[in-house]
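A structural model of the following input is requested.
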Amino acid sequence: LICGCAVISLIGKDSIDAFIALIGSFCCVPLAFIFPVLCHFKLCQPEGKKVLLNVAVLLLGLALFVYTSLSSLNQMGFLRNERISEFI
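From the prediction side, this is the model:
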C-alpha cells in the first residue's frame, strides 16, 4: 500500500491540481450521484415517475463521472488523442 501511494505521488507530483481532480471524479461523483440512486432502487423499489427520475440522475452521474475523469486525465497529460482533447 505504501509503495503504491509512493508511485502514485511520483506520477502526480507535477500536476497536483489534476491529481486531486482525478481523485474527486473517482470518489465524489459516485458518492454524490450514483450510489444514492442505487441504494434508493434497492431499498425503496420505486415505481412509475420515480424510476424515471432515478434513471435520469444515474445517467447524469455516469456522464459527470466520465467527463470529469477524462478532463483530469487530459490535464495530467495521459490522453494524447486529439478527439478526446477537443471534446473536453
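
Need the residue in this structure that's farthest from the chain's center.
Computed with Cα atoms, centre = their mean, the maximum C-alpha offset from the centroid of the chain is found at G48, amounting to 28.1 Å.

For C39, pull up the helix or strand it's in.
Secondary structure from DSSP states H and E places C39 in helix 35-44.

for that helix, packing partners?
helix 49-76 (3 or more Cβ pairs under 8 Å, 6 or more residues apart in numbering; DSSP states H and E). Placement of C-beta: from N, CA and C, glycine included.

So for the helix it packs on, what gets flagged as buried?
Neighbour-count burial for helix 49-76 flags 54, 57-58, 61, 64-65, 68-76 (criterion: 16 or more other Cβ atoms under 10 Å).

Quick check: phi and psi on K13?
Torsion angles at K13 (phi, psi; degrees, to the nearest 10) stand at phi -70, psi -30.

roughly how far apart are G77 and A18?
8 Å (Cβ to Cβ, to the nearest Å).

Comparing the two, which residue is more hemmed in?
Neighbour count, other Cβ atoms under 10 Å: between G77 and A18, A18 has more, with 18 against 10.
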